[in-house]
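Predicted model and sequence below, questions to follow.
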Amino acid sequence: MAASYLLLTAHYLASGYAPAGTTVTEGGAIPPGGRPTPACDPQNTQAIQAYWQAGPPTGADTNFLACPQPKLAIYWQPIPGGSSSSSAYQLTGAGASLGPKTT
């Protein structure tokens, strides 16, 4: 099964413009093995794994957070106690079993 994502903000994809609220699938609107943006909500196991591999958002990747967002099913949550040089995050929901990642 291909990874599937709900777009939380508008995206410009190789297939063209996709408004917020669009569900896109790997191998369709996004290329196979494409890196998910932080502004999407993974919809299946393959998407959760790819979202975890991409890691938590940093820098400019967090700009989408300023826009109103629907309630996410899976999102990055900071883990208290990270070192001063990096921060640890863990996915919530179905992605929690994948463990923490650092930035």
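Alright, I've got the coordinates.

Look up the pLDDT of the residue minimising distance to the centre of the chain for me, please.
The centroid of the chain falls nearest to P38 when counting by C-alpha atoms, centre = their mean (3.9 Å). Predicted confidence (pLDDT) at P38: the value is 85.

The one 3 residues further on now?
Residue-level confidence at D41 comes out at 90, pLDDT.

so which strand or helix has the nearest residue to it once chain neighbours are set aside?
Spatial nearest neighbour of D41, chain neighbours left out: L6 (4.3 Å); criterion: C-beta to C-beta, 6 or more residues apart in numbering. C-beta coordinates here come from the backbone N, C-alpha and C atoms, glycine included. Per DSSP states H and E, L6 falls inside strand 4-7.

Show me what that strand is packed up against.
Helices and strands touching strand 4-7, as assessed by 3 or more C-beta pairs under 8 Å, 6 or more residues apart in numbering; DSSP states H and E, comprise strand 23-25, strand 40-42, helix 45-54.

what's the most buried one of those?
Stretch with highest mean neighbour count among the helices and strands packed on strand 4-7: strand 40-42 (a mean of 25; mean count of other C-beta atoms under 10 Å).

about what we covered before: which non-adjacent residue is nearest the residue nearest to the centre of the chain?
Of all residues not flanking P38 in the chain, P57 sits nearest, at 3.6 Å (C-beta to C-beta, 6+ apart).

Likewise for P78?
Nearest residue to P78, sequence neighbours excluded (C-beta to C-beta, 6+ apart): Y89, at 5.6 Å.

so when I look at the one you found, I'm seeing a helix, right?
No - using DSSP: H, G, I helix; E, B strand; the rest coil, the secondary structure at Y89 is strand, not a helix.

Give me the distance between it and K101.
6 Å (C-beta to C-beta, to the nearest Å).
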